[in-house]
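**Q** Quick one, what's the 3D model for this:
(2 chains)
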Number of protein chains: 2
Amino acid sequence: MIFNLQKKGEKPIYEYLYESIRNEIISGKLKSGDKLPSRRQMALDNGIAEITVANAYAQLVTEGYIESREKSGYFVSRDIDLIPETGVKKRREDNCPVKRFLCKKKESAAGDKTVNLSNSGLPEETFPFDTWSKLARRILSEERSECIKAPEVRGLQKLRESIAGYLERSRGFTPDPEHIIVGPGTEYLCNVLLSLLDKEAAVALEDPGYRNIGRLFEGSGHECHHLPVDENGLITSELKGKGIKLLHVSPSHHFPLGCVMSAPRRASLISWAEEESAWIIEDDYDSEFRFEGRPVPPIVSYEQDRVIYMNTFSRTLSPSIRIAYMVLPAELYELFMDKFMYHSGSVSTLEQLTLASFISEGYYERHLNRVRNYYKKRKKAIFDIAMEKTIAENFEIEGDGSGMTFILKCKTDTDDRYRQVLAKHGVLINPLKEYCFETSDYSDNRYVVNFGYVNEDQFKNAALKMCKALRVKKCRN
Amino acid sequence: MIFNLQKKGEKPIYEYLYESIRNEIISGKLKSGDKLPSRRQMALDNGIAEITVANAYAQLVTEGYIESREKSGYFVSRDIDLIPETGVKKRREDNCPVKRFLCKKKESAAGDKTVNLSNSGLPEETFPFDTWSKLARRILSEERSECIKAPEVRGLQKLRESIAGYLERSRGFTPDPEHIIVGPGTEYLCNVLLSLLDKEAAVALEDPGYRNIGRLFEGSGHECHHLPVDENGLITSELKGKGIKLLHVSPSHHFPLGCVMSAPRRASLISWAEEESAWIIEDDYDSEFRFEGRPVPPIVSYEQDRVIYMNTFSRTLSPSIRIAYMVLPAELYELFMDKFMYHSGSVSTLEQLTLASFISEGYYERHLNRVRNYYKKRKKAIFDIAMEKTIAENFEIEGDGSGMTFILKCKTDTDDRYRQVLAKHGVLINPLKEYCFETSDYSDNRYVVNFGYVNEDQFKNAALKMCKALRVKKCRN
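**A** Sure thing, here's the model as predicted:
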């Protein structure tokens, strides 16, 4: 299938490709059930990158024009005539895949009827606007000479010291503030770490796991391994002998499965890193939201020489505050400074000073207590709703009681079309397989629910729609 | 010369190396005039990276223990006994190279007697604290739902639109706000661009030029060319046939020489990029500070398909605000979105909203007028001082009347020892050769003055000390 890319004009290629295939479907040239070329073939045929085809196909899947069947490929949807947009020839402005992607959060944040169970934003009422505003104003008025200075590349000392104090109080280890590196997000920090590796070093992460970190590791030019996870966390026996020098892992609370890495696995993880001189990124992203039981100590408290402790304020404060941090082992700190000593800082001085005061004056820990209670209450209410008859007949919850996500497992199998039907009914939800890379093999009936942004009523509404859509599908099959 | 690195303990290697050599000098084992191994040899001898040796040597040069003689190598200083610290065995806490580096700005910003003519910070009185504070407060109170949303990877639409409007009004071209990418500094943005290149692509920049961008390009894994500059800007005939796919250049005002790229050079630059399908980063860092004459139109106004326009708010507002931006050509925008579409934004939403309002409500252009007058007045006063007899006998100014830096040329030759004597007299200044990479060959008598941070009295004080130190040196020779 070859398209005339000369005609694309100023459009990005994937947009042109997406439109061209869509037009073939709408005009009837491609019929329900027709098979599309593989992504690779389509890329070769048109002399374009496979990722470009993947983006165009993904958009067509999302909009229901085509469907992906496991191990078979892509097909024009069976129920193409059910899709409301079919036949509408005029391309809507917001149909551009990039724009649609970028608008997703906006749409769902608006008070419309759509319930977005995959939104990782936080509710407005949890952010400490008044305190933040008060602190920023005070700094802009009383610390003028400080707040117009360029921040150093590691982050301001004041903030690094606040973070070190917080970690000592809350996570039971005492990092050297000199070795803390502040950056505008965990992706940025992971990128910094990747840049410190030798070219031939391999990297690895958990499968399933974070999609963004996965894309970053895959695109880094390093050999990238996706390692399986079971109910005890990462299967550490898979680590050996692969030349892995950097591993991303979340032992305290796996994303998205929610399991905690067992003590024997932790021990073998540490021995592996010591034996093979590898670095472990301990992503402790969710540790503040342990609602019951004792907090799980981070592995960095047992092994400081090989473990990079990493965390962010995106979940505890807001994803709009682009501040994350990592604690580097001494050897890695030296490599970092050799490479980045003369670089500019990456986080605004004013925000760093505001956050430093927020932590060191005790606001942060009070805020954490408040939001922990807030989410604990919400999670309990949502779990109770999931036990109600209609919902419990169709779904069950997996995962422990902690963290900001859980797995909703459908008792019958579902597929891509189910998700399309849900989207048409105003429920957006990500299947677990979207977080899977190579090794993990989860059937199509598990969904990841991010409950920070939806309240219990919205969840109930969505869950009932999910039950209804299940019946619609059953009737149709 | 081999050191026992086992003994370094928790210190970074360069710090240990720096201390070890310093101790050899203090204890008299290394004597005045002794030659040190080359950086390469020292690295090989000790099995460490050459950059580590370079950092240790640089620190020893700065502190006057050793000196670098052109084409001969490094020697223990001839006047080692004149250095006040010699003989002091106890290592001062702040002698750690990294710490000293990081403290430099702090020291010079403090009201002590040192005049730092290389500080690129901005004076406190130029920052619009009240307006900034007012806007931030208003946003935190009135735009709550906006300001806790995660920013998209390109930057917020509101800010991109404000920037597009500003560029249209001030720089005479109309970028598509969709193609503007916001990031926490030009280094970050250059890094993004480097990551979009094929591995075998070569990169290039001006020589002399920005040290940080130079380090970034050199460390990127791409073949890196440093291309010569004359009074008409980059010598564009040097570009051809090298496989260069990304060039960093500042045609409107070269840093640090201050020249403007001539029209024929601009034309040949554009043809080169078109012929070889290369990307040009037009770093327009200084264009707001043209104090006289007509503003120079950016090359992006002639050629949008190959030119990436880049600028920052670090110089016009403050280096503490980590916001820079670039305008991508359509083809490159597509590559960017393919790679980064799903990534998180890198600049805090609140700062983006504040800056967007600052620009769109007209504050930014009023602010620019104010600071342009402020620096114009200061530059004139400084140029007048440089014409005073004592100073003019020894120094002359090079460069046109625009921008925030100028070249101070000493009428007699100077060397590293001169700079050490100056440092002891409380004048910090960077020789032009520090901004040189491979090709440029400037003798040792040109210095780069960053005058934003020093007022006319401080400059006069420093210039008189520079004259005095010149006499001291002459007497001693």
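**Q** buried ones in the lengthiest helix in chain A?
**A** In terms of residue count, the longest helix belonging to chain A (DSSP state H) is helix A:363-386. Of all the residues in helix A:363-386, those buried under the rule 16 or more other Cβ atoms under 10 Å in any protein chain shown are A:363-364, A:367-368, A:371, A:375-376, A:378-379, A:381-382, A:385-386. Heads up, the C-betas are built off the backbone N, CA and C, glycines and all.
**Q** and if you look at stretch A:269-288?
**A** A:269-270, A:272-273, A:276, A:278-288.
**Q** any idea which helix or strand carries the residue of the stretch 51-200 of chain A found nearest chain B?
**A** Proximity of the stretch 51-200 of chain A to chain B (Cβ to the nearest Cβ) peaks at A:Ala150, 3.6 Å away. Assigned by DSSP states H and E, A:Ala150 belongs to neither a helix nor a strand.
**Q** what's the answer for A:Thr390, then?
**A** Per DSSP H and E: helix A:389-394 holds A:Thr390.
**Q** For that helix, enumerate the helices and strands it packs against.
**A** The helices and strands touching helix A:389-394, judged by 3 or more Cβ pairs under 8 Å, 6 or more residues apart in numbering or on different chains; DSSP states H and E, are helix A:456-476.
**Q** Other residues contacting stretch A:435-442?
**A** The contact list for stretch A:435-442 (Cβ atoms under 8 Å, 6 or more residues apart in numbering or on different chains) reads A:205, A:207-211, A:214, A:226-229, A:255-256, A:432-433, A:448.
**Q** Within range of chain B, give me the residues from the stretch 301-450 of chain A.
**A** Neighbours of chain B within the stretch 301-450 of chain A, by Cβ under 8 Å from any Cβ of the partner chain: A:314, A:318-323, A:330, A:333-334, A:337-339, A:341-351.
**Q** The residue nearest to A:Leu36 when sequence neighbours are not counted: what secondary structure?
**A** In this structure, A:Leu36 finds its nearest non-sequential neighbour in A:Tyr74, 4.2 Å apart by Cβ to Cβ, 6 or more residues apart in numbering or on different chains. For A:Tyr74, the secondary-structure state derived from DSSP: H, G, I helix; E, B strand; the rest coil is strand.
**Q** Which stretches in the stretch 251-400 of chain A count as strands?
**A** Listed in chain order, the strands of the stretch 251-400 of chain A (DSSP state E, counting those that start in this stretch) span A:279-283, A:307-312, A:324-327, A:395-398.
**Q** Taking strand A:279-283 as reference, get the angle to the longest one.
**A** This points to strand A:307-312. In terms of direction (axes from the mean of the first three to the mean of the last three Cα atoms, to 10 degrees), strand A:307-312 departs from strand A:279-283 by 30 degrees.
**Q** Quick check: can you name the pairing partners of strand A:307-312 and their directions?
**A** Strand A:307-312 has the following strand partners under DSSP bridges: strand A:279-283 (parallel), strand A:324-327 (antiparallel).
**Q** could I get those strands as TSV with distance to B:Ala49 and mean pLDDT?
**A** Below are the strands paired with strand A:307-312 laid out as TSV (distance: least, Cβ to Cβ, whole Å; pLDDT from 0 to 100):
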stretch	distance to B:Ala49	mean pLDDT
strand A:279-283	18	98
strand A:324-327	22	98
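**Q** These into CSV, with extra columns for distance to A:Thr405?
**A** Below are those laid out as CSV (distance: least, Cβ to Cβ, whole Å):
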stretch, distance to A:Thr405
strand A:279-283, 14
strand A:324-327, 18
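**Q** Low-confidence regions, the stretch 201-350 of chain A specifically.
**A** For the stretch 201-350 of chain A, the stretches flagged by pLDDT under 70 are A:293-294.
**Q** chain center to stretch A:257-275: distance?
**A** Relative to the chain's own centre, stretch A:257-275 is displaced by 22 Å; criterion: Cα atoms, centre = their mean, to the nearest Å.
**Q** which residues touch that stretch?
**A** A:208, A:229-237, A:239-240, A:247, A:249, A:251-254, A:278-280, A:296, A:299, A:302-303, A:305-307, A:398-400, A:402-403, A:405-407.
**Q** mind running it again at 7 Å?
**A** Under the contact criterion Cβ atoms under 7 Å, 6 or more residues apart in numbering or on different chains, stretch A:257-275 has outside partners A:208, A:229, A:231-234, A:236, A:239-240, A:251-253, A:278, A:280, A:296, A:299, A:302-303, A:306, A:399-400, A:403, A:406-407.
**Q** Check stretch A:175-193 too.
**A** A:154-155, A:157, A:159-161, A:163-164, A:167, A:212-213, A:216, A:246, A:248, A:281, A:283, A:308, A:310, A:312, A:322-328, A:330, A:333, A:336, A:346-347, A:352, B:184, B:343-344, B:346-347.
**Q** Can you flag the buried ones in those residues?
**A** Neighbour-count burial (16+ other Cβ under 10 Å) applied to the contacts of stretch A:175-193 gives A:154-155, A:157, A:159-161, A:163-164, A:167, A:212-213, A:216, A:246, A:248, A:281, A:283, A:308, A:310, A:312, A:322-328, A:333, A:336, A:346-347, A:352, B:184, B:343-344, B:346-347.
**Q** Could you verify my assumption that A:Ile244 touches A:Leu197?
**A** No - the criterion here is Cβ atoms under 7 Å, and A:Ile244 misses it with A:Leu197 at 10.4 Å.
**Q** how many neighbours does the residue nearest to A:Ile51 when sequence neighbours are not counted have?
**A** Once flanking residues are discounted, A:Ile51 sits nearest to B:Asp338: 5.4 Å by Cβ to Cβ, 6+ apart. Number of residues near B:Asp338 (other Cβ atoms under 10 Å in any protein chain shown) recorded here: 18.
**Q** who's in contact with B:Asp338?
**A** Contacts of B:Asp338 (Cβ under 7 Å, 6+ apart): A:Ile51, A:Thr52, A:Asn55.
**Q** Top of those by number of neighbours, please.
**A** Busiest of the contacts of B:Asp338 [other Cβ under 10 Å] is A:Asn55, holding 25 neighbours.
**Q** So that one: helix, strand or coil?
**A** Classification of A:Asn55 using three-state DSSP returns helix.
**Q** That one touches A:Tyr14, doesn't it?
**A** Yes - contact criterion Cβ under 7 Å: A:Asn55 and A:Tyr14 qualify, at 4.3 Å.
**Q** neighbours of A:Trp317, just the number please.
**A** Heads up, residue A:317 is Leu, not Trp. 22.
**Q** Let me see the contact set for it.
**A** A:Phe127.
**Q** mind running it again at 6 Å?
**A** Not one residue lies near A:Leu317 by Cβ atoms under 6 Å, 6 or more residues apart in numbering or on different chains.
**Q** In contact with A:Val454, which residues?
**A** A:Val115.
**Q** what's the helix or strand for it?
**A** Using DSSP H and E, A:Val454 is not contained in any helix or strand.
**Q** and the gap between it and A:Gly258?
**A** Look at A:Val454 and A:Gly258: by Cβ to Cβ, to the nearest Å, they are 18 Å apart.
**Q** go on, A:Leu246?
**A** Using Cβ to Cβ, A:Leu246 is found at 24 Å from A:Gly258.
**Q** Dihedrals phi and psi, the residue nearest the centre of chain A?
**A** The centroid of chain A falls nearest to A:Tyr210 when counting by Cα atoms, centre = their mean (4.9 Å). The phi/psi pair for A:Tyr210 (degrees, to the nearest 10) reads phi -60, psi 130.
**Q** which residue packs closest to it, ignoring adjacent ones?
**A** Closest residue in space to A:Tyr210, ignoring its immediate chain neighbours: A:Phe255 at 6.1 Å, by Cβ to Cβ, 6+ apart.
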